[in-house]
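**Q** Based on what follows, work out the 3D shape:
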Amino acid sequence: MLTARRARFVQEMAACGNATEAARRAGYSEKTANKKGYQLMKIPEVREAVDKALEEQRKDSIADLQEVQEFLTAVLRGKIPGSKTRDRVAAANILQRRFPIEDTSSNDTVIIIDDWNGGTIEM
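**A** This next block holds a predicted model:
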């Protein structure tokens, strides 16, 4: 269980990313903030709490795949105000690359028939 001051340090560390500054903001002495910040980050419980707080921040700040797909689909369907035809086409292309409609993995043979000399070329 974190003390109130350590919990405050975790919040500040997640906000600024600097152990010395986080220690100052959490109420530790200006003179010892550098040393105290370093010491606090060596405590496993504090370190885990900082890592967890940073992970939560990342989750909120980065779009996940589902969110991106929903946005692209909304653009494609013209539900985003101001989206133009070129935006809708771009969204369709991005989605189609991500989720191909037709199977392009088959190795079908293409035969070109040369009418001029009756020969065939296999590709």
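**Q** If you count residues, where's the longest helix of this structure?
**A** helix 44-61 (DSSP state H).
**Q** list the helices and strands it packs on?
**A** The helices and strands touching helix 44-61, judged by 3 or more CB pairs under 8 Å, 6 or more residues apart in numbering; DSSP states H and E, are helix 4-16, helix 33-42. Where C-beta positions appear, they are placed from N, C-alpha and C, glycine not excepted.
**Q** rerun that using 7 Å as the cut-off
**A** helix 4-16 (3 or more CB pairs under 7 Å, 6 or more residues apart in numbering; DSSP states H and E).
**Q** List the buried residues of the helix it packs on.
**A** For helix 4-16, the neighbour count (16 or more other CB atoms under 10 Å) marks R6, R8, F9, V10, Q11, E12, M13, A14 as buried.
**Q** tell me what that helix is packed against?
**A** helix 19-25, helix 44-61.
**Q** Tell me the predicted confidence for A63.
**A** On the pLDDT scale, A63 is placed at 80.
**Q** Neighbours of the residue lying closest to it once chain neighbours are set aside, how many?
**A** Using CB to CB, 6 or more residues apart in numbering and skipping the chain neighbours, the partner closest in space to A63 is F71 (7.7 Å). F71: 14 surrounding residues under other CB atoms under 10 Å.
**Q** ok, now S29?
**A** Using other CB under 10 Å: S29 sits among 10 other residues.
**Q** Give me the next element, helix or strand, following the longest helix of the chain.
**A** Downstream of helix 44-61, the first helix or strand assigned by DSSP states H and E is helix 65-76.
**Q** Dihedrals phi and psi, the spatially most central residue of the chain?
**A** The residue lying closest to the centre of the chain (CA atoms, centre = their mean) is I62, at 4.3 Å. Phi and psi for I62, reported as degrees, to the nearest 10, are phi -120, psi 130.
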